[in-house]
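> any chance you can model this:
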Amino acid sequence: MPLSRYRVIDLTTVRSGPTCTKILADLGADVLRVERPGDSGRDRVFFDQGDLQRNKKSLVLNLQHPKGVEILRALALRADVVVENYRPDVKHRLGIDYDSLSRENPRLVYASISGFGQSGPYRDRPGYDQIVQGMSGLMSLTGTDETAPLRIGIPIGDLLAGYFAALGILAALIERERSGQGQRVETSLLEALVGSLSFQAARYLNTAEVPPPVGNHHPLTAPMGVYRAKDGHLNLAVGNDDMWGRFCRALGLPELADDPRFAKAAARLKHRAAMDEILEAALAKKPATEWVELLNAAGVAGGPIYTLDQVFADPQVVQSGLVHELTHPLWGLHKVMGVPVHLHRTPARVTTAAPLPGAHTREVLEQLGCSVDMIDALLADGVVEEAKR
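The predicted structure follows:
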């Protein structure tokens, strides 16, 4: 597998960090999840943890104990990557920060994910996705004048921070092949979301115009949004003037293509309200599914608006192979989502269920050269824990 030669120490909790290490594990990296005794993250619902922690091993290690820190340093000496999402000062207080670990292993890539960054006035604030969605401006862009601000329905800040961290780690590993040196990789939920504002950020930065929320309409293109058909809603995305002509003909309104109010993209945006009134009257004559088929056949972008049961029944989603089944010793059969990228020779794989906390404690300590008596002593002293069923 693509990353099978790399060892990763996963010190992360909650979602952003585990998302990052999940990607690395699915691509073949040997990911060891180092869990705190009584880690509250494992109290979350099983299907959440099952998705985040699959393909990983688990060591329960007390980093408040000096021997626990010694064990982690020994693990980091053999590792290629360490990933953490503590508050910025915690790793320094424990003595497991990049400078401390890289002195012994200069090839180490050390990734830090936080709410707001490793420096700056907000570095010590707790970083939750809900808070950062608001601070990034994303919520101000979502909804309408009546409903905004609205949060996105998934923890998009956590997810993007995890994705960017994984990307940074892979770039650092590639660079290490040339220089022989590791380095720090840092991202935050705030940077991930602000850095993903796309054309909305470019629009503000270059015009000083603060974009308003426009609901389901695209702010710069029309018609592009949600429209009502005879029996429900559908999405339309008429992205250029040529498609506009095809759209009008598919609606049975060829004369609309040459109407000066709508013939060009800028005119359609200016006269969107008048245009939408005409479009919805035409779309009300057929069911949404019929329009989707008719429009796509005409080369016009249109699609249904699914609920999740419809998503996972859709034949295009089914053939993508995103859903995997695993068997866990406590939870039994459950389903997880795979990585949505395909490598044709060395694909990502979902092979093992999330481990019980401490499932690999003895195995990992034995690899470090600990005898059975030493391991028993560490267990008795509360430095490590084994899996409990």
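
> so who does the spatially most central residue of the chain touch?
Residue closest to the average C-alpha location in the chain (C-alpha atoms, centre = their mean): L159, at 2.5 Å. Counting by C-beta atoms under 8 Å, 6 or more residues apart in numbering, L159 makes contact with R15, S16, T19. Any C-beta I mention is one placed from the backbone N, CA and C, and that applies to glycine too.

> contacts only, for the second one.
Under the criterion of C-beta under 8 Å, 6+ apart, the neighbours of S16 are N85, I113, G157, D158, L159, A161, G162, A165, L189.

> give me the element H334 is part of.
strand 332-337 (DSSP states H and E).

> can you give me the buried ones in the helix or strand following that strand?
Counting by DSSP H and E, the next helix or strand C-terminal to strand 332-337 is helix 361-367. Neighbour counts over helix 361-367 (16 or more other C-beta atoms under 10 Å) mark T361, R362, V364, L365 as buried.

> residues near the residue nearest to the last one when sequence neighbours are not counted, how many?
Read that as L365. Distances taken as C-beta to C-beta, 6 or more residues apart in numbering put I375 closest to L365, at 5.0 Å, once the chain neighbours are dropped. Counted with other C-beta atoms under 10 Å, the neighbours of I375 add up to 19.

> against which helices or strands is the helix or strand containing I375 packed?
Of the helices and strands defined by DSSP H and E, I375 is found in helix 372-380. Secondary-structure packing of helix 372-380 (3 or more C-beta pairs under 8 Å, 6 or more residues apart in numbering; DSSP states H and E): helix 361-367, strand 384-385.

> would you mark the buried spots in that helix?
Neighbour-count burial for helix 372-380 [16+ other C-beta under 10 Å]: I375, L378, L379.

> would you confirm that the first one contacts Q367?
No: using C-beta atoms under 8 Å, I375 is not in contact with Q367; the gap is 11.4 Å.

> on the three-state scheme, N296 is what?
helix (DSSP: H, G, I helix; E, B strand; the rest coil).

> which residue is the nearest non-sequential neighbour of it?
N296 sits nearest to G302 (C-beta to C-beta, 6+ apart), 6.1 Å away.

> related to what we said a few turns ago, between the buried residues of helix 372-380, which sits nearest V45?
L379 (28.9 Å; C-beta to C-beta).

> what residues of the host helix or strand of E277 count as buried?
Taking DSSP H and E as the criterion, E277 maps to helix 272-283. Residues of helix 272-283 classed as buried by neighbour count (16+ other C-beta under 10 Å): R272, M275, D276, I278, L279, A282, L283.

> isn't the third one right next to P223, touching?
Yes: at 6.9 Å, D276 counts as touching P223 under the criterion of C-beta under 8 Å.

> quick one: end-to-end length of stretch 216-224, please.
8 Å (C-alpha to C-alpha, to the nearest Å).

> buried ones in that stretch?
H217, H218, P219, T221, A222, P223, M224.

> in contact with the second one, which residues?
Right, the one you point to is H218. By C-beta under 8 Å, 6+ apart, the residues touching H218 are M224, G225, A237.

> circling back to that earlier point, average pLDDT across the helix holding E277?
Throughout helix 272-283, pLDDT has a mean value of 97.

> rebuild the buried residues of helix 272-283 as a markdown table, extending it with distance to L63.
Formatted as a markdown table, these follow (distance: C-beta to C-beta, whole Å):
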| residue | distance to L63 |
| --- | --- |
| R272 | 57 |
| M275 | 61 |
| D276 | 58 |
| I278 | 65 |
| L279 | 60 |
| A282 | 64 |
| L283 | 60 |
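
> narrow the contacts of S16 to those in helices?
With DSSP state H as the criterion, helices contain G157, D158, L159, A161, G162, A165, L189 from among the contacts of S16.

> so the last one touches I156, yeah?
No: with contact taken as C-beta under 8 Å, L189 and I156 are classed as non-touching, separated by 9.3 Å.

> identify the contacts common to the two.
D129.

> looking at the two, which is more packed in?
Neighbour count, other C-beta under 10 Å: between L189 and I156, L189 has more, with 32 against 19.

> check contacts around that one.
S16, I113, S114, G115, F116, G127, D129, V132, G157, D158, L160, A161.

> and the helix or strand bottoming out on mean pLDDT in the chain with strand 332-337, angle?
Ranking every helix and strand in the chain by mean pLDDT, DSSP states H and E puts helix 46-53 at the bottom, with a mean of 90. Interaxial angle, helix 46-53 versus strand 332-337 (axes from the mean of the first three to the mean of the last three C-alpha atoms, to 10 degrees): 60 degrees.

> got the contact list for helix 46-53?
Against helix 46-53 from outside (C-beta under 8 Å, 6+ apart): 15, 18-19, 22, 33, 41-42, 326, 328, 330-331, 334-337, 353-355.

> just the terminal-to-terminal distance for stretch 207-223.
Chord length of stretch 207-223, first to last residue, is 23 Å (C-alpha to C-alpha).

> what residues does the helix or strand where R246 lies touch?
R246 belongs to helix 241-251 when elements are defined using DSSP H and E. For helix 241-251, the external contacting residues (C-beta under 8 Å, 6+ apart) are 223, 236, 238, 254-257, 262-265, 268, 279, 282-283, 294-295, 298-301.

> so where's the stretch 1-150 of the chain shaky on pLDDT?
Along the stretch 1-150 of the chain, the parts satisfying pLDDT under 70 run over 39-44.

> swap that for the stretch 151-300 of the chain, sorry
For the stretch 151-300 of the chain, no range has pLDDT under 70.

> pull out the buried residues from the contacts of helix 46-53.
Counted by 16+ other C-beta under 10 Å, the contacts of helix 46-53 give 15, 18-19, 22, 33, 41-42, 326, 328, 334, 336, 353-355 as buried.

> any chance of these in JSON lines, plus distance to N105?
Formatted as JSON lines, the buried ones among the contacts of helix 46-53 follow (distance: C-beta to C-beta, whole Å):
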{"residue": "R15", "distance to N105": "28"}
{"residue": "P18", "distance to N105": "23"}
{"residue": "T19", "distance to N105": "25"}
{"residue": "K22", "distance to N105": "24"}
{"residue": "R33", "distance to N105": "19"}
{"residue": "G41", "distance to N105": "27"}
{"residue": "R42", "distance to N105": "29"}
{"residue": "L326", "distance to N105": "33"}
{"residue": "H328", "distance to N105": "33"}
{"residue": "H334", "distance to N105": "36"}
{"residue": "V336", "distance to N105": "32"}
{"residue": "A353", "distance to N105": "30"}
{"residue": "A354", "distance to N105": "28"}
{"residue": "P355", "distance to N105": "25"}
